[in-house]
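Asker: compute the structure for the input listed below.
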Amino acid sequence: VDFRASAWCETQPRTMLTRALSCAVAAVAVAHCTAGSPFGPNAPRYYPTFGGNRDVSLLDGRWSYGFVDGWDSGFDSMSPTFTPAQASTPNTTAVPSCSDVVAGGAPGYLGPRGVAMYRTTFPSPAAGAVPMRLQFQACSFYCRVWVNGKEVGDHRAGGYVAFWLDVPAEAMLEGSGQDNELFVLADNRFNSTTAPLHTGGDFWHYGGLMRSVELHTLAAEPVLWRAYVLPSGTDFTLPNPKTSPDSVDMTLVLSSAADAGSTVSFTVAFDGGEAVSHQGVVSKDGRVNISNVPVPNPLLWSPDAPNLHTVTVTFRGGQVTERFGLRSFGVDKATSRITINGKITKLVGWNHHTQWPVTAASPTDEQIDSDVALLKKGYANYVRGAHYPHDPRVIDRFDEAGILFWSETIGPGVSVENTQDPVWMKFQIQQLGEMMDNAMNHASVLTWGWFNEGPSDNEDACSAYGACNDYARGRDPTRFTTWADDKDTRGKCYEHATLIAFNNYPGWYNREGDKTAPHEFWSGAAAAVRAGQVNGTLGKPLVISETGAGGIYEWSDNTTDVKWSLLYQAEIIAGDVDEAISNENISGITLWHLYDFKVDNCGTEWPCKHSPGQENNTHCSYDHSPPTTFAELSSEGPPNCTYIEINGRPGGENHKGSVDFWRREKPAFTQTAAKYQKANEV
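Answerer: A predicted model of the protein is given here:
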């Protein structure tokens, strides 16, 4: 299947894409059509878009590059005496890309930990000495930035979240077209000082400039940075929330607070229509709020009909166009089930990390398109973004495809001590805010989440859960707040959630071999939540945030259903899915996981000292080396394991995917797709 633009794609309205996706995977071709693209030739290929004097360009491409290898190299990334002049960047690399991808991202290969150093140049603006803003969609783990040898800032609040740094006018070279040097240091070593939020977790934490780098030209006076849009009247905790919203509340964020206290004028135009004048007072933090702005010809967004609107705000000659959806997420009072626009909807889908063959955590557009096509082939209407904020290109496609999305901060391995550390919590709230900044307008985002499998069974941690909930609800009362909890009925912090979510693996980690385990566990847990037997859960929906079983792709012809065989995997997953769909006390399920992926079970130890040792140096024996380029992948195909050592993570890989790392389907995928197809049939 060619996942690039095609004649078929060019005939499809962008908001009609789901209908095309559901026809057949061969007809999917593209989940993000390029015909009539709103994106400029060197502009970001994701929303928002910019116009007028809001000049924005991508700095993606070939950068000069160097790498200080070694977990214990002694290099101090935070040294106050370090300058870019001391750095050696003799090579080149693509930006975006991962600094630690080896063997084409294949599981089981130990990638390097160290410090990546990048250089590129960008021209001074024609407007003269004006401030600039650099937006990094992801710089992992720890990031430090200089322009023309002057340090402009750093970032410690998680390597997978977008952030920006201002470049003052005095740091720029004078004269239009002068080449300014941008230098970036990216340290992918686990360290509680430089990268406090990378607390471990059972997946490979990739490093480097993994996503796009944007350059924004600002002005001497504040310009419009973003316009956040939420459907009016859709706070589901209020007595009578709207189920068919036709207006929006908007928050305009200026590039600085210099206009605080002043009344400013701007225009608002929906879907390319008439521009309507508005005024508002700038708050002390540089924001303007307007409420109940009517949307002409409003169309609701839902998984079945993912209609999308745009709004263009013009301010001081600059334009920002945001895309959004009119939707209402809620809770049915009679059943405590999740509703979409007032309709009870069963949510079905998978968890999704960001790992791909060849590119690792820096996928091409075509790779993203193919995963969206795979999800639609599996009849998914729901994806949990594990375990960190995701690429805006991915969420754009979920908006268009009608796939609801759970967006969460990085955080597996969070301890009680972390939650009680004010410095750690400062970075956590910063990360949560930055994640919301980047994803707020996506129609598909259903849930804000944090602290995957955190210490929720300890009351001392509950204040941290409450702080995250209060922040998220304070900014956005229209979506659910939650965390994926492996403490299930032992959790003590559920008063700080509006959605209850359990991780458990009956028939896999507990009651191994018992195919009745999924039904018995999930029915019991759901009944307890529904009855409010667990403090803080009464009246709140329950979703299964993780469950499943492992199956090694090559173990396909076994006649018995032993553990790790594809037959056993399919049997256990069938039990999980059947219970989730049939049980009226369960609102949804995201299986763990869509595909097999590379793990790193060291946590913050390096190298691994605990049993079973360094899992990422234990890849299986392959019939040929893993492809490292798309040309090799096309000509040689995916490698097959001829021998694999069975342990906790065979071959340094989590095998719970319904497809393998190379996206080859297992029986569990076909079986699950058939069940998901019927989940919402009337």
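Asker: would you map the helices across the protein?
Answerer: In the chain, the segments counted as helices under DSSP state H are 7-10, 17-23, 25-28, 365-377, 392-401, 416-419, 422-439, 462-475, 517-531, 566-582, 630-636, 667-677.
Asker: counting neighbours, what do you get for the closest residue in space to residue 394 that isn't next to it in sequence?
Answerer: The spatially closest residue to residue 394, leaving aside those adjacent along the chain, is residue 368, at 5.7 Å (C-beta to C-beta, 6 or more residues apart in numbering). To be clear about C-beta, it is placed using only N, CA and C from the backbone, and glycine gets the same treatment. By other C-beta atoms under 10 Å, 20 other residues sit near residue 368.
Asker: I figured residue 368 hits residue 397, correct?
Answerer: Yes: using C-beta atoms under 8 Å, residue 368 is in contact with residue 397, at 6.1 Å.
Asker: how far does stretch 533-552 stretch from one end to the other?
Answerer: End-to-end distance for stretch 533-552: 38 Å, by C-alpha to C-alpha, to the nearest Å.
Asker: redo the helices of the chain as TSV? Include distance to residue 542 and mean pLDDT.
Answerer: Below are the helices of the chain laid out as TSV (distance: least, C-beta to C-beta, whole Å; pLDDT from 0 to 100):
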stretch	distance to residue 542	mean pLDDT
helix 7-10	39	34
helix 17-23	27	37
helix 25-28	31	38
helix 365-377	23	98
helix 392-401	22	98
helix 416-419	24	98
helix 422-439	23	98
helix 462-475	17	98
helix 517-531	5	98
helix 566-582	10	98
helix 630-636	40	97
helix 667-677	18	98
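Asker: out of those, deepest packed?
Answerer: Per-stretch averages of neighbours, counted by mean count of other C-beta atoms under 10 Å, single out helix 392-401 among the helices of the chain, with a mean of 24.
Asker: from the contact counts, what lies against that helix?
Answerer: Counting contacts by 3 or more C-beta pairs under 8 Å, 6 or more residues apart in numbering; DSSP states H and E, helix 392-401 is packed against helix 17-23, helix 365-377, strand 404-408, helix 422-439.
Asker: on that earlier part again, dump the helices of the chain to TSV, plus distance to residue 149.
Answerer: Putting these into TSV (distance: least, C-beta to C-beta, whole Å) gives the following:
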stretch	distance to residue 149
helix 7-10	46
helix 17-23	46
helix 25-28	48
helix 365-377	35
helix 392-401	31
helix 416-419	35
helix 422-439	27
helix 462-475	36
helix 517-531	57
helix 566-582	55
helix 630-636	38
helix 667-677	52
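Asker: of these, which is nearest residue 619?
Answerer: Each of the helices of the chain has some distance to residue 619 by C-beta to C-beta; the shortest is helix 630-636, at 16.6 Å.
Asker: dump that closest one to CSV, restricted to CA.
Answerer: The C-alpha trace of helix 630-636 is given here as CSV (Å, rounded to 0.1, in the frame of the first residue of the first chain):
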residue,chain,number,x,y,z
PHE,A,630,13.6,2.0,4.1
ALA,A,631,15.4,0.6,1.1
GLU,A,632,16.7,-2.3,3.1
LEU,A,633,13.3,-2.8,4.7
SER,A,634,11.7,-2.9,1.2
SER,A,635,14.2,-5.2,-0.4
GLU,A,636,14.9,-7.6,2.6
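Asker: helices and strands of this structure: which one bottoms out on pLDDT?
Answerer: Least confident element among the helices and strands of the chain, by mean pLDDT, DSSP states H and E: helix 7-10 (a mean of 34).
Asker: low-confidence stretches in the chain?
Answerer: 1-36, 127, 601-617, 682 (pLDDT under 70).
Asker: centre-most residue in it?
Answerer: By C-alpha atoms, centre = their mean, the chain has its centre lying nearest to residue 390, at 1.9 Å.
Asker: about what we covered before: tell me how far the residue nearest to residue 394 lies from residue 638.
Answerer: 19 Å (C-beta to C-beta, to the nearest Å).
Asker: I'd say residue 85 and residue 148 touch.
Answerer: No: applying C-beta under 8 Å, one finds residue 85 not in contact with residue 148, separated by 11.3 Å.
Asker: which one's more surrounded, those two?
Answerer: Using other C-beta under 10 Å, the more surrounded residue of residue 85 and residue 148 is residue 148, with 18 against 8.
Asker: need the contact list for that one.
Answerer: Contacts for residue 148 (C-beta atoms under 8 Å, 6 or more residues apart in numbering) come out as 171, 172, 173, 180, 181.
Asker: then residue 342?
Answerer: Contacts for residue 342 (C-beta under 8 Å, 6+ apart) come out as 243, 244, 328, 330.
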